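1. Okay, predicted coordinates and the sequence, questions at the end:
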Amino acid sequence: MTQVLDYQSKAIVELMGVLPADRDAEWLKNSLQQAIMVEIATIGPYASALWSIKEPGEAVARDIREIIFDEMTHMGLVCNMLTTIGGTPVLADPKVVPKYEHALPGGVRPDLIVFLEGLSKDSVEMFSEIERPEHPIARFDTTATIGAFYTAIEEAFETQQHLISGDRQIEFSLVGHGQGNEIVPLDTIERVRAAIEIIKEQGEGTSASPENPFPGKPGELAHFYVFREMFRGKKLIKVSENPVVWDFKGDDVPLPPAFPMGRVPEGGWANGGANAPTPEVQRVLDAFNLHFSDMLRALQAAWRTGDPDSLFTAIGHMRGMRTEARKLVQLELPDGSGRTYGPEFLYVGE
């Protein structure tokens, strides 16, 4: 199929509908571009919740921060998968950047609307739905998942091993944030398999355990279960060894105090009616959006040139995003609701 660079397309649904025997090099390139878009889509919601927390060193804040670093590593690994087979990641383009409130890109999980809001029960429930496993340990209904898409990508790599060249590979370590947090060159099928295993199991856990096999600290759970703990307000613990049963019956997991960031209207606060920003608020929003866009441009440049120095530029813009977001979540909306502004994650040109 022709490459589809449209966040609001049904490209992933169409890709998954292709028979395995027909999943060729172009199928794999298109699938990896869509996977990059999915990984980036998670950053805005998770970061908005993180930046709304009043005490950044609080336990829930630390957990969300580590998940964000995991997601950035996943994005980097998928970019390496695409460049090693001769593709070029597209990150800084208005057609592929995330849209909120909106479903995930490519038509995956069309029932799930992803939005930008501060930390709340609603937001952490949405986060857990993004990370939902194919086979949850702790009794939930299953639906088509991102993990199933990665399984299809892995299977296609197995039949297309000859495409792996090792070209334009970025190497960058974030191991201080967990065992799997290394962006490594993917120049063999073994390394590709390992990278996909990290992406799937950090998010979903394994079929035997909700624990993250690549933790930042002992006993760390996979993303889905961390977010379910926040939603349920209880730690997930093993309550039986034979048979093995896990349940949310551990210590309390209270959500920490957070600024009441309101839900960002589709297309940004300019579409917020009575909450349309004043010039003063707009200046902060513009500063955030420019950092966000420059971050995407720096990330794209890294994988187009193979130069890891661009990642340091991207990290600088991430810090700028945090600074502006922390200002926004303390600016009260004019509608009298007591809620506040928050980052929009809108892409702006150079």
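-> Nice, I can see it.

2. For the stretch 201-350 of the chain, which segments count as helices?
-> 223-232, 279-305, 309-328 (DSSP state H, counting those that start in this stretch).

3. how much distance is there from the second one to the middle of the chain?
-> When distances are taken as C-alpha atoms, centre = their mean, to the nearest Å, helix 279-305 is centred 17 Å away from the chain's centroid.

4. And for stretch 67-82?
-> 9 Å.

5. check contacts around Glu155.
-> By C-beta atoms under 8 Å, 6 or more residues apart in numbering, Glu155 lies in contact with 20, 23. (Glycine included, C-beta is placed from N, CA and C.)

6. hang on, I meant Glu229
-> Contacts of Glu229 (C-beta under 8 Å, 6+ apart): 221, 235-236, 248, 253.

7. go again using 10 Å as the cut-off
-> Listed by C-beta atoms under 10 Å, 6 or more residues apart in numbering, the contact set of Glu229 reads 60, 63, 124, 128, 210, 221, 235-237, 248, 250-253.

8. So it versus Phe292, what's the distance?
-> Noted for Glu229: a distance of 29 Å to Phe292, by C-beta to C-beta, to the nearest Å.

9. Quick one: name whatever helix or strand follows the helix or strand of the chain at the bottom of the mean pLDDT ranking.
-> When each helix and strand of the chain is scored by mean pLDDT, DSSP states H and E, strand 172-173 comes last, with a mean of 84. For strand 172-173, the succeeding helix or strand toward the C-terminus, using DSSP states H and E, is strand 182-183.

10. Can you list the strands that that following strand pairs with?
-> Sheet partners assigned to strand 182-183 using DSSP bridges are listed as strand 172-173 (antiparallel).

11. can you map out the strands along this structure?
-> Applying DSSP state E to the chain gives strands spanning 102-103, 113-114, 172-173, 182-183, 237-241, 244-247.

12. picking up where we left off before, please list only the buried members of the contacts of Glu229.
-> 60, 63, 124, 128, 210, 221, 236, 248, 253 (16 or more other C-beta atoms under 10 Å).

13. which ones are touching the residue nearest in space to the middle of the chain?
-> Geometric centre of the chain, nearest residue: Thr42, 2.9 Å, by C-alpha atoms, centre = their mean. Thr42 makes contacts with 67-68, 70-72, 74-75, 98, 104, 114, 127, 130-131, 146, 203, 223, as judged by C-beta under 10 Å, 6+ apart.

14. So which of these are in helices?
-> 67-68, 70-72, 74-75, 127, 130, 146, 203, 223 (DSSP state H).

15. Can you add distance to Ser173 and pLDDT and give those residues back as a markdown table?
-> Shown next, in a markdown table, are the ones in helices among the contacts of Thr42 (distance: C-beta to C-beta, whole Å; pLDDT from 0 to 100):
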| residue | distance to Ser173 | pLDDT |
| --- | --- | --- |
| Ile67 | 18 | 92 |
| Ile68 | 16 | 94 |
| Asp70 | 14 | 90 |
| Glu71 | 16 | 91 |
| Met72 | 12 | 93 |
| His74 | 15 | 93 |
| Met75 | 15 | 94 |
| Phe127 | 26 | 95 |
| Ile130 | 26 | 90 |
| Ile146 | 25 | 78 |
| Gly203 | 20 | 65 |
| His223 | 20 | 89 |
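
16. Looking at those, which one is closest to Ser9?
-> Closest approach between the ones in helices among the contacts of Thr42 and Ser9, by C-beta to C-beta: Ile146, at 16.2 Å.

17. Low-confidence bits of the stretch 51-200 of the chain, can you list those?
-> 134-145, 175-180 (pLDDT under 70).

18. in it, which spans are helices?
-> 59-84, 121-130, 146-159, 189-204.

19. closest one to Ala287 among the ones you listed?
-> Checked against C-beta to C-beta, the stretch from the helices of the stretch 51-200 of the chain lying closest is helix 59-84, at 20.3 Å.

20. Between helix 279-305 and that closest one, find me the angle.
-> Interaxial angle, helix 59-84 versus helix 279-305 (axes from the mean of the first three to the mean of the last three C-alpha atoms, to 10 degrees): 40 degrees.

21. relative to helix 223-232, how tilted is helix 59-84?
-> 150 degrees.

22. in helix 59-84, what's buried?
-> 60-61, 63-68, 70-84.

23. Nearest to Pro277 among the strands of the chain would be which one?
-> strand 102-103 (20.9 Å).

24. Parallel or antiparallel, list what pairs with that closest one.
-> strand 113-114 (antiparallel).

25. what comes into contact with the partner strand?
-> Outside strand 113-114, the residues that reach it (C-beta under 10 Å, 6+ apart) are 41-42, 44-45, 98-105, 126-127, 129-130, 266.

26. Render the CA-only coordinates of stretch 22-30 in CSV, please.
-> What follows is stretch 22-30, C-alpha atoms only, in CSV (Å, rounded to 0.1, in the frame of the first residue of the first chain):
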residue,chain,number,x,y,z
ASP,A,22,1.7,-10.3,1.5
ARG,A,23,3.4,-8.2,4.3
ASP,A,24,6.4,-7.1,2.3
ALA,A,25,9.0,-4.3,2.7
GLU,A,26,6.5,-1.5,2.1
TRP,A,27,4.1,-3.0,4.5
LEU,A,28,6.8,-3.1,7.2
LYS,A,29,7.9,0.5,6.5
ASN,A,30,4.3,1.8,6.6
